[in-house]
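K.L.:
Let's see this in three dimensions:
(one chain, ligands or ions: 1)
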Amino acid sequence: MPSDQSPARKTPTRFAVLGTGHWARTTHARALADHPDVEFAGFWGRDADRTAAAAAEFGAGSWSGDEGLADLLRRVEAVTIALPPDVQADLAVRAADAGVHVLLDKPVATDLAAADRLVDAVRRNGIASVEFLTYLFMPEITDWLERMAALAAEHGPWEGGVFRWAGTLDAPGNPYAHSRWRRERGGLWDTGPHALSIARPLVGDVVAVAAGRGPRDAVNVALEHRDGAGTALSLTLTAPEGTGGSFATVWGPGGRHDLPRFTGTAQEGFARALDRLRAAAATGVPDALDVRHGRDAVAVLAAVETHLRRPDGTTPVAPAQS
Ligand SMILES: NC(=O)c1ccc[n+]([C@@H]2O[C@H](COP(=O)([O-])OP(=O)(O)OC[C@H]3O[C@@H](n4cnc5c(N)ncnc54)[C@H](OP(=O)(O)O)[C@@H]3O)[C@@H](O)[C@H]2O)c1
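P.N.:
Prediction:
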């Protein structure tokens, strides 16, 4: 993405986290605090007490409110964002307009217009962006994707795949049980980005979608891909206890293959994402997982939502007689 401005290229070292929830503290802040080459300035949150409590865990600074955000953005070179995605999209535009690089979480937004505004802001300000998609920062997964690409090059493109991603928000002790955006938007928007992060590199861009609902927030999606492959996603956040988890299988002339498990921690993956953001900022070369990649996933998820709202979205089957 050519930038409209060309800020002096420099590797960012001073970072803050926008957000104070479980993920913000245990993954973003932990990875920043443990990173040998960055300085973790502290947290921004909308609630001063909760932000101070998060900051105290790390002996870091705390900023809250609108003025606090403006002050923080003057003090840091980059922010990582662990907020509900609709909040993230607007605050990331603010960070970009302040010339601050952004490490985004998935999904980058929950509507296409907001994602497009963010793409514009990143381009306009010439800042770096990376979307943290956990699986794509794990060597077992990226090695497997490379092997799959080599097999497809040798034998022919993948023809299909099934991608199941299920969370168990209602299981005892789930740290995201009270996450409002998850309850409102469901697995489509929370686990959908993970499923697409594997499906898209395997079988290419999505050109059309159809979808139907299952229990609670469950959504089953049929995807048509640019080069003719067809895949299926099964997404939910409220799978019964003991039935959560993810798996993916792809098939074609190169055989049938299962996505492997990864063994690294989220913090290790996030540290890699930090390094990628720093490299993109230093070189001015956009990362392959920059905001545009995130925007394209939002386009698919938004199309699914549109399909689900169509009154003729599904074709009824004649009533069973048996
Ligand atoms: N890659 C992964 O596997 C993974 C795992 C977990 C999370 N994530 C991502 O991390 C991001 C955050 O997820 P989360 O689980 O932390 O979300 P969350 O629990 O729903 O919300 C995080 C925090 O955002 C704050 N917040 C809510 N509404 C706000 C608003 N209007 N303005 C400012 N702050 C607001 C709340 O803090 P206060 O109430 O204290 O203000 C809340 O604790 C999401 O993008 C999610 O997809 C990714």
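K.L.:
How about the closest residue to the ligand within the stretch 1-150 of the chain, nearest residue that isn't a chain neighbour?
P.N.:
Of the residues in the stretch 1-150 of the chain, the one nearest the ligand is Gly21, at a distance of 3.1 Å by CB to the nearest ligand atom. Just so you know, the C-beta spots here come from the backbone N, C-alpha and C atoms, and that holds for glycine as well. Excluding the flanking residues, the one nearest Gly21 by CB to CB, 6 or more residues apart in numbering is Ala82, at 6.3 Å.
K.L.:
For that neighbour, give its distance to Val206.
P.N.:
Look at Ala82 and Val206: by CB to CB, to the nearest Å, they are 27 Å apart.
K.L.:
Please list all residues in contact with the residue of the stretch 1-150 of the chain closest to the ligand.
P.N.:
With contacts taken as CB atoms under 8 Å, 6 or more residues apart in numbering, Gly21 has the following neighbours: Ala82, Leu83, Ser179.
K.L.:
now Phe163, which residues is it bridged with?
P.N.:
In this structure, Phe163 has the following beta-bridge partners (DSSP bridges): Leu233, Ala248.
K.L.:
That one against Ala248, yeah?
P.N.:
Yes - using CB atoms under 8 Å as the test, Phe163 is close enough to Ala248 to be in contact (4.6 Å).
K.L.:
of the two, who's got more company?
P.N.:
Looking at Phe163 and Ala248 with other CB atoms under 10 Å, you find the greater number of neighbours at Phe163, namely 26 against 23.
K.L.:
Within range of the ligand, give me the residues from the stretch 201-322 of the chain.
P.N.:
Among all residues of the stretch 201-322 of the chain, none is adjacent to the ligand (criterion: CB under 6 Å from any ligand atom).
K.L.:
residue of the stretch 201-322 of the chain with the smallest distance to the ligand?
P.N.:
Nearest to the ligand, among the residues of the stretch 201-322 of the chain, is Ala266, at 6.3 Å (CB to the nearest ligand atom).
K.L.:
Quickly note the distance from that residue to Ala82.
P.N.:
Looking at Ala266 against Ala82, where the rule is CB to CB, the gap reads 11 Å.
K.L.:
Quick check: neighbours shared by those two?
P.N.:
Thr27.
K.L.:
Just want to know which of these two has more residues nearby.
P.N.:
Ala82 (24 against 18).
K.L.:
Quick check on the spatially most central residue of the chain: phi, psi?
P.N.:
Centroid-nearest residue in the chain: Lys106, 1.9 Å away (criterion: CA atoms, centre = their mean). When read as degrees, to the nearest 10, the backbone of Lys106 gives phi -90, psi 150.
K.L.:
and it, what does it touch?
P.N.:
With contacts defined as CB under 8 Å, 6+ apart, the neighbours of Lys106 are Pro85, Glu131, Phe132, Leu133, Pro193, His194, Ser197, Gly294, Ala297.
K.L.:
May I ask which two of these are separated the most?
P.N.:
With CB to CB as the measure, no two of the contacts of Lys106 lie farther apart than Pro85 and Ser197, at 14.8 Å.
K.L.:
who touches stretch 164-176?
P.N.:
22-23, 177, 179, 182-183, 187, 190-192, 194-195, 233-248.
K.L.:
Which entries within these meet the buried criterion?
P.N.:
23, 179, 182, 187, 190-192, 194-195, 233-239, 244, 246, 248 (16 or more other CB atoms under 10 Å).
K.L.:
Which stretches in the stretch 201-322 of the chain count as helices?
P.N.:
266-283, 291-309 (DSSP state H, counting those that start in this stretch).
K.L.:
What are the buried residues along the longest one?
P.N.:
In other words, helix 291-309. Residues of helix 291-309 classed as buried under the neighbour-count rule (16+ other CB under 10 Å) are 291-298, 300-305, 307-308.
K.L.:
Could you report the neighbour count for the residue nearest to Gly68 when sequence neighbours are not counted?
P.N.:
In space, and not counting its chain neighbours, Gly68 is closest to Trp44: 6.2 Å by CB to CB, 6+ apart. Other residues within reach of Trp44, judged by other CB under 10 Å, total 29.
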